[in-house]
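Q: sequence unknown, structure follows:
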């Protein structure tokens, strides 16, 4: 969005300060909020949503003044969700050991200690079962 279009949406002049831009943004959002619109039919909600998207895009454009602007255009929610990969981003684990390693990042010493403790508990369990069965 161009800076002039953003200023026009928020109702600002070219000489408006950052404080005025912020004030105009909040005022515009308050007037465009769904709870402020009487009737609240589907068409009115859709119109209010489109207006709030425009106001947010204008805010994103004007709030970046003085900061490094991104080269990418401001995306709407639909474009953001379409561009994001769905589900998990990591590849699926082939077995339980890989799944455990991906969940818990342990050092080699910790892995060794975990294995030793697991074996120790298993041996104790076997001894107790053998003792109670005899």
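A: In hand now; what should we look at? This is a predicted model, so every value here is computed, not measured.
Q: of all the residues in the helix or strand residue 62 falls within, which ones are buried?
A: Residue 62 is part of helix 42-63 when elements are defined by DSSP states H and E. Along helix 42-63, these residues count as buried under the neighbour rule (16 or more other CB atoms under 10 Å): 48, 51, 54, 55, 56, 57, 58, 59, 60, 61, 62. Where you see a C-beta, it was placed from the backbone N, CA and C, and this is true even at glycine.
Q: who are the packing partners of that helix?
A: helix 3-10, helix 18-32 (3 or more CB pairs under 8 Å, 6 or more residues apart in numbering; DSSP states H and E).
Q: winner for burial among these?
A: Of all these, helix 3-10 has the most neighbours on average by mean count of other CB atoms under 10 Å, namely a mean of 17.
Q: residues touching that one, excluding its own?
A: Outside helix 3-10, the residues within contact range by CB atoms under 8 Å, 6 or more residues apart in numbering are 13-14, 16, 21, 24-25, 28, 54-55, 57-59, 61-62, 65.
Q: and the angle from that helix to helix 42-63?
A: 130 degrees (axes from the mean of the first three to the mean of the last three CA atoms, to 10 degrees).
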